[in-house]
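S.K.: just coords:
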């Protein structure tokens, strides 16, 4: 299964002997050892039904592990309160936003909920965090626009900004480019690369976009129901012929698809 890569970066997330699956079914994967380094973009790849969403939901604490342990910033996942998790892991899910009646600023401000009081009143430091998130994602000039009037690419930037406003060292995105055209997909990945480096954040991106993941990620996690999970820096996974984990083709070579 997945073997931990050697890296000088600290691991924001570490999965030890992890098994994942739904409560009433047998585990989809067993004995996973995975690491998510800070300051880098890691792409999670696999065919439909391979377990990507289940893995993401397990790491984020939405569903319990079927076995093993997950450590977030060095602490066991089960030791985190809901509020502490919200301050540590920002999540951007696949579903289109239902917040079309809000402005960009109002939507991004929702990311401060782990820090505000019962009535959602923001303090000066909350306003500063929202302003930083708008600036980081390049949408300051859109602050008064309604989400309902924005393109899919612009809306995705808003949802990323909302996650950044949480001031989380870890950001997890489930298919963030699913509804985007080619240009918007590239810009979204470029944004995530910059965010990871500038803020030393650990970014985990679930995606079906193999070519974009290979070109713009630092690390890969590739899941195969039959073959298990392979992980590591992109060049290392290329050398180990990890493409067969997706295509199930022993003769498939990354060099046939991409020159690195």
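M.R.: Looks like it came in fine. Note that the structure is a prediction, hence the values are computed from the model and not measured.
S.K.: so where is the stretch 1-150 of the chain shaky, pLDDT-wise?
M.R.: 1-9, 23-25, 94-100 (pLDDT under 70).
S.K.: just the helices in it please.
M.R.: 52-59, 82-88, 104-109, 124-136 (DSSP state H, counting those that start in this stretch).
S.K.: now do the buried residues in the longest one.
M.R.: Residues 126, 129, 130, 133, 134, 136 are the ones in helix 124-136 that count as buried (16 or more other CB atoms under 10 Å). Bear in mind the C-beta positions are built from the backbone N, C-alpha and C, glycine included.
S.K.: same check, this time on the third one
M.R.: Of all the residues in helix 104-109, those buried under the rule 16+ other CB under 10 Å are 104, 105, 107, 108, 109.
S.K.: adding distance to residue 231 as columns, could you present the helices of the stretch 1-150 of the chain in a markdown table?
M.R.: Shown next, in a markdown table, are the helices of the stretch 1-150 of the chain (distance: least, CB to CB, whole Å):
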| stretch | distance to residue 231 |
| --- | --- |
| helix 52-59 | 12 |
| helix 82-88 | 22 |
| helix 104-109 | 32 |
| helix 124-136 | 27 |
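S.K.: skip the chain neighbours and tell me the closest residue to residue 143.
M.R.: Leaving aside its chain neighbours, residue 143 sits nearest to residue 105 (4.4 Å; criterion: CB to CB, 6 or more residues apart in numbering).
S.K.: doesn't residue 133 make contact with that neighbour?
M.R.: No. Counting by CB atoms under 8 Å, residue 105 sits too far from residue 133 to count as a contact (10.2 Å).
S.K.: so who does residue 192 touch?
M.R.: Counting by CB atoms under 8 Å, 6 or more residues apart in numbering, residue 192 touches 41, 160, 171, 173, 176, 203, 205.
S.K.: same question for residue 101.
M.R.: Per CB under 8 Å, 6+ apart, neighbours of residue 101: 146, 147, 148.
S.K.: what subset of these is buried?
M.R.: residue 147.
S.K.: after the longest helix that the chain contains, next one along is what?
M.R.: Of all segments of type helix in the chain, defined using DSSP state H, the longest is helix 182-198. Heading C-terminal from helix 182-198, the first helix or strand you meet, by DSSP states H and E, is strand 202-206.
S.K.: mean confidence score for that next one?
M.R.: Average pLDDT, strand 202-206: 96.
S.K.: one more: stretch 216-230?
M.R.: Mean predicted lDDT for stretch 216-230 stands at 88.
S.K.: now do the buried residues in stretch 106-119.
M.R.: Buried residues in stretch 106-119 (16+ other CB under 10 Å): 107, 108, 109, 111, 112, 114, 115.
S.K.: pull the distance from that stretch to the chain's centre.
M.R.: Here the centre of mass of C-alpha atoms in stretch 106-119, compared against the chain's by CA atoms, centre = their mean, to the nearest Å, lies 21 Å away.
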